[in-house]
Structure formats: structure tokens, C-alpha cells
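Colleague: this one's structure only:
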């Protein structure tokens, strides 16, 4: 999470007003590697043939990683 400081104080609200001559510093932490890892999940296969697979996906199961959901577990 990036941190903004104005004149040495953390700007905790996005509505803070900036005065002329204020010193603003933006501290951006290094990014995390964006790699997905496979996971073993117990899924119920309804149908499968050479061209198609039908899976019973439980409600709430994350299907791809995103902010706040790094794994398929909920």
C-alpha cells in the first residue's frame, strides 16, 4: 500500500488539502511477483469426455487469484 506524506505527516484522508509550497512524498513499496500456483481442490466432475468437462463449482470458490483472494480457498 502506497503512503503519502505531506510536510512529514501521513495524509490519512483523501480529502486533505495541499497548501502551496508543501512537500509531498509518495512511498510505493516494491511490487510482489505476479505468479499463480496450481492448487489441489476437491471438485465434483459431473461429466467429462475428450472435448468437454462439466464441474460442480461450489458457491464462493475463487476461480482466479485477485486482490484479497490469493488462493482458491474461501
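Modeller: Cool, the structure landed. Note that this is a predicted model, so its numbers are computed, not measured.

Colleague: Please name the nearest non-neighbouring residue to residue 69.
Modeller: Excluding the flanking residues, the one nearest residue 69 by C-beta to C-beta, 6 or more residues apart in numbering is residue 62, at 4.4 Å. (Each C-beta comes from the backbone N, C-alpha and C, glycine too.)

Colleague: in which helix or strand would I find that neighbour?
Modeller: Assigned by DSSP states H and E, residue 62 belongs to no helix or strand.

Colleague: That one: how many residues sit nearby?
Modeller: 15 (other C-beta atoms under 10 Å).

Colleague: And residue 30, how close does it get to residue 40?
Modeller: 30 Å (C-beta to C-beta, to the nearest Å).

Colleague: nope, residue 10 is what I meant
Modeller: Residue 10 is 42 Å from residue 40, by C-beta to C-beta.

Colleague: These two: which is more packed in?
Modeller: residue 10 (11 against 6).

Colleague: Show me what that one bridges to in the sheet.
Modeller: Per DSSP bridges, the residues bridged to residue 10 are residue 5.
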